[in-house]
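*Asks:* sequence and predicted model, in that order:
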Amino acid sequence: MKVEKTKKHVEQVERIKEDITSCLKIINKNIIECHDEMFDNYQHFFQQHASVLYRCEIKNEYYNQLLKEINNGDLETLQAYMMDVISTLTQELIEIKIGSSCVGEMKHLAAVLEFEAKQELLVKFTELACNIDI
């Protein structure tokens, strides 16, 4: 039973690692494309790609930290970490104030983009955490 559980846990950790690695590949591809566009046509970059880059950078940070946690712990620790991130993201999304508290258009836009990125992260982390069978 212990060997089965361990094998099952290893498979789950590998599945999560593959999923996050796949997400990071897409994010890194988008970041490279955005940087290329920024250097090729600065004005077009800000009109079409800056929001993508900002959201990618936020998600990149969270996913890279999750990969570190995957490499440092067991399945129970990983699930606890993900539940902590879910709790933190939920609290941040509840408390975020978009609008009157944002001074200036760029701060407002950054707050909206951060909100969107964190919503996407919350969905992904919840999906991953709920699919863990300990």
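*Replies:* Sure thing, it's come through. The model shown is predicted, which means the values in this text are computed figures rather than measured ones.

*Asks:* CA atoms for contacts and neighbours, from now on please.
*Replies:* Will do.

*Asks:* tell me the contacts of Met83?
*Replies:* Residues counted as contacts of Met83 (C-alpha atoms under 8 Å, 6 or more residues apart in numbering) are Phe125, Thr126, Ala129.

*Asks:* let's go with 10 Å and repeat that
*Replies:* Neighbour list for Met83: Thr77, Leu89, Phe125, Thr126, Leu128, Ala129, Cys130 [criterion: C-alpha atoms under 10 Å, 6 or more residues apart in numbering].

*Asks:* does the fourth one touch Met82 like I think?
*Replies:* Just to be clear, that refers to Thr126. Yes - contact criterion C-alpha atoms under 10 Å: Thr126 and Met82 qualify, at 7.7 Å.

*Asks:* make JSON lines from the contacts of Met83 and add neighbour count to it.
*Replies:* Output for these, formatted as JSON lines (neighbours: other C-alpha atoms under 10 Å):
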{"residue": "Thr77", "neighbour count": "13"}
{"residue": "Leu89", "neighbour count": "18"}
{"residue": "Phe125", "neighbour count": "23"}
{"residue": "Thr126", "neighbour count": "16"}
{"residue": "Leu128", "neighbour count": "18"}
{"residue": "Ala129", "neighbour count": "17"}
{"residue": "Cys130", "neighbour count": "12"}
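
*Asks:* filter these down to just the ones in strands.
*Replies:* Assigned to strands by DSSP state E, none of the contacts of Met83 qualify.

*Asks:* contacts for stretch 37-48?
*Replies:* Ile31, Ile32, Glu33, Cys34, His35, Asp36, His49, Ala50, Ser51, Val52, Leu53.

*Asks:* residues touching the residue nearest the centre of the chain, list them.
*Replies:* Centroid-nearest residue in the chain, with C-alpha atoms, centre = their mean: Lys59, separated by 3.3 Å. Lys59 is in contact with Cys23, Leu24, Ile27, Leu53, Gln65, Glu114, Ala117, Lys118, Glu120, Leu121, counting by C-alpha under 10 Å, 6+ apart.
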